[in-house]
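In: what follows is a predicted structure for the sequence shown.
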Amino acid sequence: MSTSTDAPSHPQDKPLNSSAQSNNEESNNEESNTVSVLRSQHDDIQQKLAQALKRGSDGRGKDHDEDGGCVDVEFVKTKPRKSLSQCKTIEAKTILHPFYAEFPEGFVTALMGPSGAGKTTLLDFLTGTLGSSLHAFGRVSLPDNDAYVPQDDRLHVFYTCQSYMEHYARMSGQMSTSSGCCGSKATTSMDEEGGSLVANHGDGGAEADALIASILDEVGLSAQKDTVVGGMFKRGLSGGQKRRLSVALEAITSPLNMFLDEPTSGLDSESALRLMQYLHRYARGIDPTTGERRRVIVTIHQPSSRIWELIDNVVLMAEGRLIYQGRRQQMEDFFTAFGHPVPPNFNPADHYIEALAELPIPSPSTDEDCNATESQSTAEMWYESFREWTKNESYSRVAKSRPSVLSLGMPSTRRTESVVIRSDPSNRTLKARKQVQSTLLSSFELIRRSFTGLYKNPVVLGLRVAVYTGISVALGILFFNLANDRNPHSILIGRTSILYFVVAFFSTMSVAAIPFAIVERGIVQKEVRNHRYHPVFYHLSQAISSLPACLLLSGIVTGIVLGMTKLGSAASFAGILFLTFYCADATSMLIAHLSSDLIAAICLASGILGFFTMVMGFLVVPSNMNSIIRWAYPVPFMTYSFRLLMYTQLNGKEFAPGDNPNTTYNETNVFNDLNDVLGNSTEVELNGNQLLKAFEMDNVNVKRELIILAGWSIIVHTISMLLLTWKNYKSRRVFIYSDRSK
């Protein structure tokens, strides 16, 4: 039968075609998914390959000429100024001549050269802290995350290594500001090559402790973590240990650029080697937040042969000119090309610096192009030799690709006199928010540090307490039981003299705090330079921490002096002295900020406070002052202190004459100049209001003058903060555009 075979094919064909179409769609979907997966894998591989190429086979970057780390100096000059002593204008002097240098990622770059080569000036140029005495122009391209370690160790003497690291961790927001406890600001991660923990700003408290322990171990201070820094009055860390601690404090925030000025200067060979070994490992590390490699840039004079091997990149300078810049291993080729190969068994670093005192000997390949004129200095001839060498060496792209480096590998950078130019407003906003947060944290931590210093370093306050106590006891003995003495000399001269002396002497003694302020100023300058806080907040912390010190000193003087002299009004006496001492401390702080030298600051403070004591109304009453100087009477804070003490001690007091015949007065008496107040009778009872009238202090308004005294301190502190703001601006007249293109 053919019924089945003869059946129409249409009904059967349709389902078959539909099934085939469905299968084709599924196949296409699978192919599309496969292609998407392959593309995703391809993109991942490309991204990983790009990262691998960026790191390079040596683990420090694929193309160090295009990693954004360079400086292009046009000039750095001193400004012309007039010399009063020589009666002439001193012309501008060029400190840095035009040159271009690179600072590759993952490298330790050494700025080398003889004394006066301009190494420190270049370091200041890189960090944007040349100051207002220099005029400069150039371009810098470095990540906006740096730390500066000065040549001298600027450390507080009362911290241990552990507590100092915790203090800096709290100041940077990596630890909680609660006492000794780690907060939820920081976590840590292990460097791939550096071998040390770095901050990662996550959650957890133990990680911050691990970060500190790791850094201390890396710099070799684990055994000394509980040792105080030490100073003049207490032994502590050695010089090498202090230098390593200075580096560790800055490394806690994992800066991408670590600048160090003569880090090995003054250290023994072992300490210098250990420090450079740590810096070498640090440069190999990666910042976990950005994934960027770090840089270490140091100025160094004569590194040992072992330290020389730890240096990757060299910028050699002489007389402000670039003599060589590039890899350490290629310096031998350069100096050999110009007739100064390193002798056998000789330290290359010493040889290269010594060779700068001799003329370069042109090689046959550069003999025709390096004909130096007689007017050129040795440094200029070496500079021309290096320029010629870089043109002939195929490895170098310094001269050939310099425009492309500045235009492609780096942002267009420039320096200005007033603003920091940034390419991405969002980065600027984020940075501003970070600075506000850091400022709030730093302010609290600075106040905490000030009180910690008073507790752990009592020498500063202890010396003042000893002096104030001793003078108060001597004053009490001299005027013992003054309140019950009815001798006219004691009534008129004794009471006014002791009040004058208390105000004048103890206010002037505030200059004793200036040396400690000058010593700490170096620490503050370093921390401000490293963007830890604004100097205004440092002064604010000092102003707050001086409150308990003034309260203690006023209590000591009040208790001893009033206890021995039997004078009354202890509460008002102590309150007035407290405001007086606070004004005196504010004045000393302002003078310390004004002067850069200790001797000059002490002389200036003594002169100002000494002038205040002359015009406060005791030596000469205001109406008898010469018109030339009479204007100064209401200016000093001492004037209001003396007036308040006189008024509170004498107002309404009666001094009845005793049996002593000296209690009567007449026109031939030593107090004849007061007869217009006391009368010319043969016997007069004295009272406090008469004395106040004689000193022109009978119109004292206690409330108003207390407000003036308190306002005086506020005004002086405000002037100090404005001065610090202005000086901080002047010290950063040359700003750096340092945001990197992403």
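Out: It's in. Numbers count the residues shown, from 1 in each chain.
In: and Thr78, how many neighbours?
Out: By other CB atoms under 10 Å, 14 other residues sit near Thr78. For the C-beta atoms, the positions are set from N, CA and C on the backbone; glycine is no exception.
In: from Ala357, how far out is Glu380?
Out: 14 Å (CB to CB, to the nearest Å).
In: more neighbours, the two?
Out: Set Glu380 next to Ala357 and count neighbours by other CB under 10 Å: Glu380 wins out with 16 against 10.
In: the more buried one: which element?
Out: helix 378-392 (DSSP states H and E).
In: for that helix, buried residues please.
Out: Neighbour-count burial for helix 378-392, counted by 16 or more other CB atoms under 10 Å, picks out 378-386, 388-390.
In: same check on stretch 341-348?
Out: Per 16+ other CB under 10 Å, stretch 341-348 contains these buried residues: 342, 347-348.
In: so which of the residues you listed are in helices?
Out: Members of the buried residues of stretch 341-348 lying in helices (criterion: DSSP state H): Pro348.
In: right, and out of the buried residues of stretch 341-348, which lies closest to Ile323?
Out: Pro348 (14.2 Å; CB to CB).
In: which residues does the closest one contact?
Out: Pro348 is in contact with 305, 308, 331-332, 342, counting by CB atoms under 8 Å, 6 or more residues apart in numbering.
In: are any of these buried, and if so which?
Out: 308, 331, 342.
In: from those, which is closest to Ala483?
Out: Nearest member of these to Ala483, counting by CB to CB, is Trp308, at 77.6 Å.
In: nearest spatial neighbour of that closest one, chain-adjacent residues omitted?
Out: Ala349 (4.9 Å; CB to CB, 6 or more residues apart in numbering).
In: report how many residues lie close to the one you found.
Out: 24.
In: and it, what does it touch?
Out: Going by CB under 8 Å, 6+ apart, the list of residues near Ala349 reads 112, 302-303, 305, 308.
In: tell me the least confident of these?
Out: Among the contacts of Ala349, Gln302 carries the lowest pLDDT, at 84.
In: and the nearest residue to Val73 once chain neighbours are set aside, what element?
Out: Closest residue in space to Val73, ignoring its immediate chain neighbours: Gly138 at 4.3 Å, by CB to CB, 6+ apart. Element membership of Gly138, judged by DSSP H and E, is strand 134-141.
In: tell me the strands beside that strand, with direction?
Out: strand 70-78 (antiparallel) (DSSP bridges).
In: buried set for the strand it pairs with?
Out: 70-73, 75-77.
In: Leu461: which of these is nearest?
Out: Val76 (43.4 Å).
In: give the contact list for the residue nearest to the closest one when sequence neighbours are not counted.
Out: Leaving aside its chain neighbours, Val76 sits nearest to Leu96 (3.8 Å; criterion: CB to CB, 6+ apart). For Leu96, the contact set (CB under 8 Å, 6+ apart) comprises 73, 75-76, 118, 121-122, 125, 136, 320.
In: save the buried residues of helix 378-392 as CSV, and put in distance to Ile498 and pLDDT too.
Out: What follows is the buried residues of helix 378-392, written out as CSV (distance: CB to CB, whole Å; pLDDT from 0 to 100):
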residue, distance to Ile498, pLDDT
Thr378, 72, 86
Ala379, 69, 86
Glu380, 72, 87
Met381, 76, 89
Trp382, 73, 90
Tyr383, 72, 87
Glu384, 77, 88
Ser385, 78, 88
Phe386, 75, 89
Glu388, 82, 85
Trp389, 81, 87
Thr390, 79, 82
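In: out of the residues you listed, which is nearest to Ser265?
Out: Ala379 (23.1 Å).
In: so who does that closest one touch?
Out: 318-321, 323, 356.
In: could you pull out the strands for the stretch 301-450 of the chain?
Out: 313-318, 321-327 (DSSP state E, counting those that start in this stretch).
In: of the ones you listed, which is nearest Gly522?
Out: strand 313-318 (26.0 Å).
In: need the residues that contact that closest one.
Out: By CB under 8 Å, 6+ apart, the residues outside strand 313-318 that reach it are 101-104, 107-114, 117-119, 122, 322-328, 331, 352-353, 356, 378-379, 382.
In: same thing with stretch 703-717?
Out: Counting by CB under 8 Å, 6+ apart, 539-540, 543, 575-576, 579-580, 582-583, 586-587, 589-590, 637, 640-641, 643-644 sit against stretch 703-717.
In: kindly recompute the last result at 10 Å.
Out: 539-540, 542-543, 546, 550, 572, 575-576, 578-591, 634-641, 643-644, 647, 701 (CB atoms under 10 Å, 6 or more residues apart in numbering).
In: how far does it sit from the chain's center?
Out: 30 Å (CA atoms, centre = their mean, to the nearest Å).
In: using CSV, list the CA coordinates for that stretch.
Out: Written as CSV, here are the backbone C-alpha positions of stretch 703-717 (Å, rounded to 0.1, in the frame of the first residue of the first chain):
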residue,chain,number,x,y,z
LYS,A,703,34.8,93.7,84.2
ARG,A,704,35.8,95.9,81.2
GLU,A,705,39.5,95.5,81.8
LEU,A,706,39.2,91.7,82.4
ILE,A,707,37.6,91.6,78.9
ILE,A,708,40.4,93.7,77.5
LEU,A,709,43.0,91.4,79.1
ALA,A,710,41.3,88.3,77.7
GLY,A,711,40.8,89.9,74.3
TRP,A,712,44.5,90.9,74.2
SER,A,713,45.5,87.2,74.2
ILE,A,714,42.9,86.3,71.6
ILE,A,715,44.2,89.1,69.3
VAL,A,716,47.8,88.1,69.7
HIS,A,717,46.9,84.4,69.0
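In: SS state for Ile95?
Out: Classification of Ile95 by DSSP: H, G, I helix; E, B strand; the rest coil places it in strand.
In: how about TSV for the contacts of Leu96, with distance to Gln241 added?
Out: As requested, those are exported to TSV (distance: CB to CB, whole Å):
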residue	distance to Gln241
Val73	36
Phe75	40
Val76	35
Gly118	31
Thr121	29
Leu122	29
Phe125	31
Ala136	36
Gly320	35
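In: nearest to Thr613, of the residues you listed?
Out: When the contacts of Leu96 are compared against Thr613 (criterion: CB to CB), the nearest one is Thr121, at 44.8 Å.
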